[in-house]
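In: The following comprises the amino acid sequence and a computationally predicted model.
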Amino acid sequence: QTPQTSPTSQSSQTSHSSQTFLLPYACITKVRIGREVADLEALAEADISELEDAIQSCGFFRSKARDIKACAAVLLEKHGGAVPGTMEELLALPGVGRKTANLILGDIFGQPAIVADTHCIRISNKLGLAHTKDPHGVEKELRELIEPAEGSDFCHRLVLHGRAVCTARSPACERCVLAPLCPSRTNG
């Protein structure tokens, strides 16, 4: 199955070769080792300290560096350098959980996906669309409510809304377009 480009993607057509390997690590746009942009082979062979330096601005950069190196090796050894297109195969990759797997399935492969990140979980609960803080539970509840073709974009919209309007510490209910429907809105 070939990947598709979603409205949130920057490129016109994405290959599911080693170039999309970087997507699971959302904080990384390009990993540079020395002066070169690393390809999958370079990532698999890289010194952990070089990878740590390249992604130091990311949270948990040390464990992510180990996962990047290990994931690159697995992609080369077991998948011929291609990013797999099933939940089971993606979850078997080092450092890839359900959130990342759903992100890849939705954004790269155009498959139905619910990316239950912190914003999606929080806002879905505030709106009464979900009733759990468990990411897999939120994913299941939203799958029952959201059309499969809309799931990935719906979650991206929740992320943007959670960053711009409905922030965790200080939700701006007075300027929220969802306030009339929101059981959690604050008065004022």
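Out: Perfect, I can see it now.
In: all contacts plus neighbour counts: C-alpha atoms, from now on.
Out: OK.
In: Tell me the helix or strand right after the longest helix anywhere in the chain.
Out: Longest helix of the chain, by residue count under DSSP state H: helix 61-79. Next helix or strand after helix 61-79 toward the C-terminus (DSSP states H and E): helix 87-91.
In: helices or strands up against that next one?
Out: helix 98-107 (3 or more C-alpha pairs under 8 Å, 6 or more residues apart in numbering; DSSP states H and E).
In: how near is Glu52 to Lys64?
Out: Using C-alpha to C-alpha, to the nearest Å, one gets 8 Å for the distance from Glu52 to Lys64.
In: try Arg98
Out: 16 Å.
In: Can you read off the pLDDT for Gln56?
Out: With respect to pLDDT, Gln56 scores 88.
In: Leaving out chain neighbours, which residue sits closest to it?
Out: Arg62 (7.9 Å; C-alpha to C-alpha, 6 or more residues apart in numbering).
In: From Asp47, how far off is that neighbour?
Out: 12 Å.
In: sorry, back to before: could you say what helices and strands the longest helix of the chain packs with?
Out: helix 40-45, helix 48-54.
In: residues of it that come out buried?
Out: 61-62, 64-76 (16 or more other C-alpha atoms under 10 Å).
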